[in-house]
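J.: structure of the sequence below:
(2 chains)
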Amino acid sequence: MSRPGFVLDVDRSTPPMLFWHGEKFRLERLPEGSRVVYPPEPVEALADPDAAIRHALLNPVGDSAPLPALLKAGMRLTICFDDVSLPLPPMRRPDVRQRVIEAVLDLAADAGVDDVVLIAALALHRRMTEAELRHALGDRVYDAFAPFGQLTQLDAEDPDAMLHLGTTDQGEDVEISKRAATSDLIVYVNINLVAMDGGHKSVATGLASYRSLKHHHNVATMLQSRSFMDQHRSELHSSNWRMGRHIAASGIKVFQIETTLNTDTFPEHFAFLQRREWEWGPKDRATFLAVSRSLDRTPARLARSIFHGIRSPHQMASVQAGEVEAVHALTTENLYRQQLVEVSGQTDVLTMGLPYISPYNVNSIMNPILVACLGLGYFFNLYRGKPLVREGGVLILRHPTPWAFHPVHHPSYIDFFEEVLAETTDPVKIEADFEERFATDPWYIHLYRTSYAYHGVHPFYMWYWCAHALSHLGGVIVVGGDVKAVRRMGFKPASTLQDALEMASDVVGRDPSITYLHAPPLLLADVR
Amino acid sequence: MRRRPLGFPFTAPTWPRQVPRPPAERRTGVDYDTAWARRYPARLARALILDGVTRPVVRALAAPEVEGLDRIESLAAPAIFAVNHNSHVDTPLVMTSLPDRFRHRTAVAAGADYFFDKRSKAAVWALSINAIPIERVRVSPQSTRLANALLRDGWSLIIFPEGGRSPDGWGQAHRAGAGYLSVRTGMPVVPVHLEGTRRISKKGAKGVRPSSTRVTFGHPLRPAEGEDARTVAARIERAIAVLADEQAHGWWAARRRAAGDATPALTGPVGPSWRRTWALGEGRRPTTTERRWPPA
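T.: Okay, the predicted model is just below:
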């Protein structure tokens, strides 16, 4: 039985708290009176995930027939799946996508379906490598489909591969993969790590082009999404839902499969990461000391490769299939049950340690823009109700924030950082002055289509992701970050947490309330 | 200048006042995990201790005469050895008397309250004799599960069905543990009778006195189809009583008495304690230190 999350009031008896610091760890003693939001422990995994998947496919929720009834000989079937950005960190084999897709293909084979194509729903993300595809889908699926061109990755810049389905009642263009749009059935396989994932967002974003995405991946939408984890208060989701309903109204049938994973995120040798500090036994303390001391002396590149080699022991906690909205309602309920922590009242200063990984740097470098996006876009938005930090409050992040970029994966990020952020950090101005140029730059498009690069517009989306936090906060301080990189983004650098708290007092006064968001595992603060 | 003492994580963390402490996890008694003592490094160490130290000491102290090994010659491991219990010497004596195929893959059921009350003590017994904790006063599901698992995993088990050493030299009523395990796992039970260990060190004795001993193995008993654990336990008790009779009066006499259901009970005569002690003297053999003159 896993224990629920809770809020700890720090006093003299509280031990120092563990903070992520990129590929390193730090212990910080928080001032007395601070609060620490502790996540719930991982929930029980499904005892027999394969049986659960089969049960979900045969017993769909909402207005949907069981999958075997939807599969007919001679039909066009397209199976879409989430890309390398999920789950985080990548899970141990077999990946959930492999389990689900193999179950779907079993049924398709029984029904005599010949025309099957698999599409990695990349949207504007980088393409997956063969190794990443094999890891996600397993060798059986890869070897059966990839050599014959039936395992594809979305190319949202291929005009022949996209189909415009018209506009929503609010004038939003809906353009998705032509193969998917012209199929008799789309089966979408999701991994729902947080409540933001899944629902109509799967097809309407994962299979969409820039022409379609720009209607919700923009500053105005992000400012009205409070938060991304609360579908009913997120304009990002409202827009996706309008598009999803338009897709359904166009006669495109989607059979949605959503899976949740438990939050058992790190393997046994990093067990201390998921244990409450006062429960650290001698083994945890020895492991922490050995690991953190070694990492402090490890070159960044080696440390990165060690961490990106981690395969998470995540296990499937639920699976549901059927009609998109009914499925997503159930998924959200399951996620809330395992991640929500009730927190009473907002705080003046919110602090958090940022890990080495975000959805957009799997097997890559966590560049400064991704650090900002993870802190201000993702972690800041891990709330339901009100943000954890009050309006005009201060966010203190801990991350080395190196001025380093992966030249293959993030070419447009380099130019965005050097050129755009050097001029302004205001998302509205950036959107108006620079977005179009980067989004249509032929070189970025070429790299996106033929190499392993994120689309030219992707760094803009990362920055827009921070828009709500930037407009809400009175200041952002990065502890232990590269001074020049931090300043480039308009944030303040600090050497220690104490310094950062001192600097924050200029904004929030001498006696601020302080809250530390303790992760991993993931949590969602239900702020009352 | 005084050096600052090393704090967390070099030392144990403090416990926040707001967080209630969970009841301390019991890691002694039946909750002591003995799995480590059955891994190869511990087994190697135990083999060295058993053959290099225990066996010579037992020989010097107990000069055992081992009888009845022919009765278990064709018996394949694992098996349950049910032994009468008089002294701490019993366990090393039986272990060193076991044939090779059993000796290094045998665990000893030891009282959780006595041998496993402290972790350091538990570690010593787990390593030296491969002791596993057993509740003496009640059937503990944990103990039963462990014993079952070990037997199924190919480990033999030494059990003292009396539950503890004899307080007065007479046997105590048997508990059903050995019978229960045999019925559950289908493993054979070998009755074993030890004679003379009480003279070396009896319950409550401070030191040890060398004396000769006899170890007698009986025919393996197997539970019949549908047989009750208590019936098997009673059969084991009877078999050990026959071996005791065999020790005292010879095989043929013991066989004839057993056939007539007249084997003397291990528990001795009923009556006041002096009568029981008096009756004990009849079957007593002289110790090696006693002067054997005039010859019998």
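
J.: elements contacting the longest strand seen in chain A?
T.: Counting residues, the longest strand found in chain A (DSSP state E) is strand A:389-398. With contacts taken as 3 or more Cβ pairs under 8 Å, 6 or more residues apart in numbering or on different chains; DSSP states H and E, strand A:389-398 sits against strand A:17-21, strand A:347-353, helix A:467-472, strand A:475-479, helix A:497-508. The C-beta positions use only the backbone N, C-alpha and C, and glycine is treated the same way.

J.: what does the stretch 151-300 of chain A put close to chain B?
T.: Within the stretch 151-300 of chain A, the positions near chain B by Cβ under 8 Å from any Cβ of the partner chain are A:Arg276, A:Glu277, A:Trp278, A:Glu279, A:Trp280, A:Pro282, A:Arg285, A:Phe288, A:Leu289.

J.: among those residues, the buried ones, what's the PyMOL command?
T.: Here is the PyMOL command that selects the buried residues among those (16 or more other Cβ atoms under 10 Å in any protein chain shown):
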select buried, chain A and resi 276+277+278+280+285+288
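
J.: for B:Ala12, helix, strand, or coil?
T.: Following DSSP: H, G, I helix; E, B strand; the rest coil, B:Ala12 is assigned to coil.

J.: likewise for the one 4 residues further on?
T.: Each residue gets one of three states, and B:Pro16 gets coil by three-state DSSP.

J.: nearest residue to the residue of the stretch 151-296 of chain B found nearest chain A other than its sequence neighbours?
T.: Closest approach between the stretch 151-296 of chain B and chain A, counting by Cβ to the nearest Cβ: B:Arg152, at 22.9 Å. Leaving aside its sequence neighbours, B:Arg152 sits nearest to B:Thr185 (Cβ to Cβ, 6 or more residues apart in numbering or on different chains; 6.3 Å).

J.: and for A:Arg488?
T.: Among residues not flanking A:Arg488 along the chain, A:Leu421 sits closest, at 5.3 Å (Cβ to Cβ, 6+ apart).

J.: can you give me the neighbour number for the one you found?
T.: Residues within reach of A:Leu421, counting by other Cβ atoms under 10 Å in any protein chain shown, total 20.

J.: how about stretch B:174-188: buried residues?
T.: Neighbour counts over stretch B:174-188 (16+ other Cβ under 10 Å) mark B:174-183, B:185, B:187-188 as buried.

J.: kindly check the end-to-end length of that stretch for me.
T.: 17 Å (Cα to Cα, to the nearest Å).

J.: with stretch A:145-164 instead?
T.: End-to-end distance for stretch A:145-164: 27 Å, by Cα to Cα.

J.: what about the helices in the stretch 1-150 of chain B?
T.: Remark: helices assigned in the stretch 1-150 of chain B by DSSP state H, counting those that start in this stretch are B:40-49, B:55-62, B:90-97, B:100-103, B:112-115, B:119-129, B:141-152.

J.: make TSV out of those and add distance to A:Thr152 and mean neighbour count.
T.: Output for those, formatted as TSV (distance: least, Cβ to Cβ, whole Å; neighbours: other Cβ atoms under 10 Å in any protein chain shown):
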stretch	distance to A:Thr152	mean neighbour count
helix B:40-49	51	13
helix B:55-62	72	16
helix B:90-97	68	23
helix B:100-103	62	16
helix B:112-115	63	19
helix B:119-129	59	18
helix B:141-152	51	16
